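J.: The following block contains a protein sequence and its predicted model.
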Amino acid sequence: MGWNAERARRSASLSDMTDRPTPTGLDALFSPRAVAVIGASREPHTIGREILENLIAAGFQGPIFPVNPKAAWVNSLKCYPSVTAIPDPIDLAVIVVPFPHVAGVLRECGEKGIGGAVIISNGFKEVGGEGIAREEELLEIAAEFGIRLIGPNCMGILNTDPAIALNASFAKARPTHGTVGFMSQSGALGETILNVAEELALGLAQFVSLGNMADVDGLDLLEAWGKNPDIKLIMMYLEQLTDPHRFLEIASKVTRHKPVVVVKAGRSPQGARAVASHTGSLAGSDVGRFHLFEQCGVLRAERMEELFDIGRLLVSQPLPRGNRVGIVTNSGGPGILATDALIASGLQVPPLSQRTKDALRMRVPSGASLNNPVDLTAGASSAQFRMAIEALLADPLIDILMVVFISPIMLNATEVAEYIIQGAGVTEKPVLTVFMNERQGESAVKKLQEAGIPNYRFPESAARSVSSLVWYADYLGQPAGKYAHFPFDAAAIKTQLALAGEDGWLPFDAAMDVLELCGIPTVQSRFLIDGDAPPPSGSYPVVLKTISPKLQHKSDAGGVVVGISDADSWHAALSAMHGRLAAIGLLRADYRILEQEQVQKGEEIIIGVSREESLGHLIMFGLGGTTVEVLKDVVFRLQPLTDLEAARMIREIAGLPLLTGFRGRIPSDLDFAEELLLRISALLDLCPEIIEMDLNPFILTDSGATSRAVDVRLRVDVG
């Protein structure tokens with residue numbers, strides 16, 4: 001753009017600024033009235049030059065001010081020696097200077113009254129050492145002047161709204177305007193993300209490369225985009241969760257009115273961690289993240305490719321009313337692949353209604369299959385495709401239509417695509433395609449993309465995306481759930497937790513007292529001392545257990561005897577237990593013997609807690625007893641739990657029939673089990689210092705009044 005044209009546009013833009021209120025908060029970043037590029041360069045192929053050219057090429061609807069003390073003009077724009085030398089107000093500064101100068105430049109921005117800054121420069125927290133201190137200085141300056149920061153060490157931001165047309169990045173890609181908000185914690189991936197979005201015709205509303213997230217992070221954007229009516233879908237590439245509980249709170253609200261899709265990097269374990277509880281050995285950060293996303297309605301993708309697969313289906317198609325998929329194809333093999341993939345993803349490929357079969361029979365080629373999938377064979381005409389598409393979309397037994405197409409030489413793929421587009425335009429059902437010969441059907445695929453119908457190369461990726469669409473529809477169909485509150489005696493609980501040893505483990509009796517204080521029933525117990533007599537007649541059966549910090553799995557060492565029915569067997573069991581413990585090297589001073597009443601009927605369950613450093617508390621539920629680490633029939637949720645999440649946990653274990661009356665068993669009190677989970681969740685709210693806990697086993701009977709905790713391990717953070 002020549003200077004005269006730019007000067008005329010700039011003059012008009014400056015006059016327009018007086019009619020627009022000064023943007024504050026994130027608006028200063030995404031809806032600025034004027035932008036300064038500090039570090040704009042006259043040298044081609046430099047970041048400062050690329051950002052300036054991108055702002056101009058995007059048609060930013062406001063004045064652009066290059067800042068460079070060594071240049072009078074940059075790209076035909078008048079250049080200023082500093083941001084404070086610019087006579088006009090500025091809302092957004094894009095800073096591209098070497099890291100030693102960034103703090104000084106940011107202070108000048110504050111003095112100028114600039115409300116937003118995108119810091120492209122690197123050399124901060126990501127390099128460690130002095131870089132951490134340099135980044136902290138930026139935060140102090142930003143807080144002093146009320147500046148919101150993106151970065152440092154980022155690729156930049158975009159807002160494709162034609163009224164703004166902001167491309168404050170050094171990306172070469174030019175994504176089309178759309179309704180997707182996309183954030184990435186990786187600047188290196190940013191260019192790829194924008195390129196793929198452009199190739200797939202996935203229109204972006206805003207894009208942010210977050211960089212180091214010194215100030216604005218993914219949660220700030222999630223909250224802002226959740227309120228932005230122009231953004232219909234939020235896509236996120238995450239490497240870390242800065243605040244899982246805030247994520248849970250914000251995402252739970254956002255996903256109730258717009259979908260959020262996340263791909264989370266860094267899922268592999270970084271090293272083994274020693275744990276002393278069943279829960280700790282079964283839990284893990286990735287388990288927690290999976291359930292965190294599930295709890296708040298966020299769709300999780302395993303890979304970047306899957307992120308785009310899911311996203312373009314969500315943004316372009318309506319939510320289905322069910323999980324029944326109809327398939328129209330012209331090749332039997334791909335139709336079978338699609339069927340297998342859909343069923344493996346938990347979806348149905350049901351028989352068609354008789355009315356649909358009758359309609360198909362009259363017009364499909366001879367030899368075509370009238371079942372689902374409908375195989376029209378390679379000889380089908382485009383008109384027959386049209387008829388089959390219309391018939392399946394009209395079938396009340398079909399919720400979703402998938403067209404699987406291999407382009408033969410004698411059939412016009414573009415014509416088939418046009419019929420698919422026409423059918424999708426008159427239905428409220430989701431429609432997607434699998435055009436497997438993309439080269440032969442390139443123009444058809446492009447036409448589908450432009451019409452907002454997602455195409456997939458293979459049926460498996462299409463099936464996974466449909467499964468996500470159905471999952472999200474199911475999530476929205478469920479109520480939100482409520483948090484429970486209990487009148488715990490906080491002071492009494494804290495007193496018991498204070499009895500923890502140097503290793504953080506509570507004595508057994510203190511841990512049992514914590515349960516009782518939380519309204520969780522426990523069995524009658526007493527520790528034996530030398531010379532104690534057996535219980536009186538009428539108190540049997542009883543159990544003898546070994547309690548020792550040196551004995552994690554007491555049953556493995558013969559430290560548990562059940563079914564003791566009289567005084568003689570009590571003496572015999574006690575003597576034999578002492579002998580077994582001595583044989584493995586335990587001295588009498590190393591352990592204590594606990595006597596408990598034996599709960600006669602019920603199922604053994606486990607309820608556990610594990611505190612993950614990056615996530616907070618995970619709560620576990622499953623079948624308990626000595627085989628829990630073998631069967632691993634457990635489920636996890638992130639704390640805090642709602643009543644609905646507690647109910648789902650119980651009903652997700654494979655062994656649920658054992659709790660509901662399998663083969664004549666007495667059904668367990670599942671309502672009471674839900675209450676147990678909610679009480680544990682409330683305890684963690686009150687006492688976040690709890691690191692791990694196992695109630696294993698808890699004997700769940702047909703009534704909460706007779707259910708009992710018979711063993712517990714509880715560890716707290718002692719600093």
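T.: In hand now; what should we look at? Numbering: from 1, shown residues only.
J.: Quick check: phi and psi at Ser252.
T.: Main-chain dihedrals, Ser252, degrees, to the nearest 10: phi -60, psi -30.
J.: Spatially nearest residue to it, not counting backbone neighbours?
T.: Nearest residue to Ser252, sequence neighbours excluded (Cβ to Cβ, 6 or more residues apart in numbering): Cys296, at 4.2 Å. The C-beta positions use only the backbone N, C-alpha and C, and glycine is treated the same way.
J.: Find the centremost residue of the chain, please.
T.: Most central in the chain under Cα atoms, centre = their mean is Phe293, positioned 3.1 Å from the mean C-alpha point.
J.: per-residue pLDDT, that one?
T.: At Phe293, the model reports a pLDDT of 90.
J.: just the one 10 residues further on next, same as before
T.: Per-residue pLDDT puts Arg303 at 92.
J.: Name the nearest residue to it, sequence neighbours excluded.
T.: Leaving out its chain neighbours, the residue that sits closest to Arg303 by Cβ to Cβ, 6+ apart is Val263, at 6.7 Å.
J.: still on that earlier bit, tell me which element the residue nearest to the centre of the chain falls in.
T.: Counting by DSSP states H and E, the element that carries Phe293 is helix 285-295.
J.: which SS class is Pro697?
T.: Assigned with DSSP: H, G, I helix; E, B strand; the rest coil, Pro697 falls in the strand class.
J.: I'd assumed Gly624 was in contact with it.
T.: Yes. Using Cβ atoms under 8 Å, Pro697 is in contact with Gly624, at 4.0 Å.
J.: and the two? which has more neighbours close in?
T.: A count of neighbours by other Cβ atoms under 10 Å puts Gly624 above the other of Pro697 and Gly624, at 26 against 22.
J.: wait, that one sits on Gly602?
T.: No. In this structure, Gly624 is not within contact of Gly602 by Cβ under 8 Å, at 10.8 Å.
J.: Could you pull out the helices in the stretch 351-500 of the chain for me?
T.: Secondary structure of the stretch 351-500 of the chain (DSSP state H, counting those that start in this stretch): helices at 354-361, 382-394, 413-425, 442-450, 459-476, 490-497.
J.: Identify whichever of these lies nearest to Leu52.
T.: Closest to Leu52 of those is helix 442-450 (Cβ to Cβ; 31.4 Å).
J.: hmm, who's touching that closest one?
T.: The contact list for helix 442-450 (Cβ atoms under 8 Å, 6 or more residues apart in numbering) reads 200-201, 407, 413-414, 416-418, 420-421, 433, 435, 438, 454-455.
J.: Pull the distance from it to the chain's centre.
T.: The chain centroid and the centroid of helix 442-450 are separated by 31 Å under Cα atoms, centre = their mean, to the nearest Å.
J.: cool, stretch 484-504 as well?
T.: Stretch 484-504 has its average C-alpha position 32 Å from the chain's average C-alpha position, going by Cα atoms, centre = their mean.
J.: coming back round to it: just name the closest of the contacts of helix 442-450 to Glu645, please.
T.: The nearest one, if we look at those relative to Glu645 and count by Cβ to Cβ, is Pro454, at 31.5 Å.
J.: what number of residues lie near that closest one?
T.: Pro454 has 26 neighbours, counted by other Cβ under 10 Å.
J.: my read: it touches Ile310, true?
T.: No. Between Pro454 and Ile310 there is no contact under Cβ under 8 Å: 9.6 Å.
J.: which residues do the two both contact?
T.: In contact with both Pro454 and Ile310: Ser465, using Cβ under 8 Å, 6+ apart.
J.: Show me how the record splits the protein into domains.
T.: Using automatic domain parsing, the domain ranges for the chain come out as 3-239, 324-476, 479-521+600-719, 524-598.
J.: Could you point out which of the ones you listed sits nearest Arg289?
T.: Comparison of the domains of the chain against Arg289 by Cβ to Cβ identifies domain 479-521+600-719 as nearest, at 6.7 Å.
J.: avg pLDDT for that closest one?
T.: On average, the pLDDT along domain 479-521+600-719 is 92.
J.: And that domain, end to end?
T.: Start and end residues of domain 479-521+600-719 are separated by 40 Å (Cα to Cα, to the nearest Å).
J.: Determine the number of other residues adjacent to the nearest residue to Gln422 once chain neighbours are set aside.
T.: Spatially, and ignoring its direct neighbours in sequence, Gln422 is nearest to Arg386 (7.5 Å; Cβ to Cβ, 6+ apart). Applying other Cβ under 10 Å, we find 18 residues neighbouring Arg386.
J.: again with Ala576
T.: Residues lying near Ala576 (other Cβ under 10 Å) number 13.
J.: distance of it from Pro318?
T.: As judged by Cβ to Cβ, to the nearest Å, Ala576 and Pro318 stand 69 Å apart.
J.: cool, and Pro487?
T.: From Pro487 over to Pro318 (counting by Cβ to Cβ), the distance is 46 Å.
J.: And Ala573, by the same measure?
T.: Counting by Cβ to Cβ, the gap from Ala573 to Pro318 is 67 Å.
J.: Those two - which one has more neighbours?
T.: Neighbour tally, Ala573 and Pro318, criterion other Cβ under 10 Å: the higher count belongs to Ala573, 20 against 14.
J.: Show me whatever sits in contact with both of Pro697 and Gly624.
T.: Common neighbours of Pro697 and Gly624 (Cβ under 8 Å, 6+ apart) are Glu604, Ile605, Ile606.
J.: of those residues, closest to Met512?
T.: Ile606 (16.1 Å).
J.: What is the burial count for Tyr297?
T.: No, residue 297 isn't Tyr; it's Gly. Gly297, neighbours per other Cβ under 10 Å, totals 20.
J.: Pretty sure it sits against Ala473.
T.: No. Judged on Cβ under 8 Å, Gly297 makes no contact with Ala473 at a distance of 11.0 Å.
J.: tell me the contacts of the residue lying closest to Gly116 once chain neighbours are set aside?
T.: Excluding the flanking residues, the one nearest Gly116 by Cβ to Cβ, 6+ apart is Ala28, at 3.4 Å. Residues near Ala28 by Cβ under 8 Å, 6+ apart: Asp91, Leu92, Ile114, Gly115, Gly116, Arg148.
J.: For the fifth one, give me the backbone phi and psi.
T.: This points to Gly116. According to degrees, to the nearest 10, Gly116 has phi -140, psi 150.
J.: again, but for the second one
T.: Taking degrees, to the nearest 10, you get phi -130, psi 130 for the backbone angles of Leu92.
J.: so it makes contact with Gly113?
T.: No. Using Cβ under 8 Å, Leu92 makes no contact with Gly113, being 11.9 Å away.
J.: who's more crowded, these two?
T.: Using other Cβ under 10 Å, the more surrounded residue of Leu92 and Gly113 is Leu92, with 29 against 13.
J.: So the residue nearest to Gly116 versus Pro697, what's the distance?
T.: Separation of Ala28 from Pro697 (Cβ to Cβ): 57 Å.
J.: same thing with Gly379?
T.: Between Gly379 and Pro697 the distance is 65 Å, computed by Cβ to Cβ.
J.: can you check Ala498 too?
T.: Ala498 sits 27 Å away from Pro697, going by Cβ to Cβ.
J.: try Asn412
T.: Asn412 sits 67 Å away from Pro697, going by Cβ to Cβ.
J.: Which helix or strand lies directly C-terminal to the helix or strand hosting Glu249?
T.: Following DSSP H and E, one finds Glu249 within helix 244-254. Scanning forward in sequence from helix 244-254 by DSSP H and E, the next helix or strand is strand 260-264.
J.: For that following strand, which strands pair with it and how are they oriented?
T.: Strand pairing for strand 260-264, determined by DSSP bridges: strand 233-238 (parallel), strand 299-301 (parallel).
J.: Check what contacts the longest one and list those residues.
T.: Where contact means Cβ under 8 Å, 6+ apart, the residues beyond strand 233-238 that reach it are 179-186, 189, 193, 218, 222, 225-226, 254, 258-265, 304, 307, 311, 314-315.
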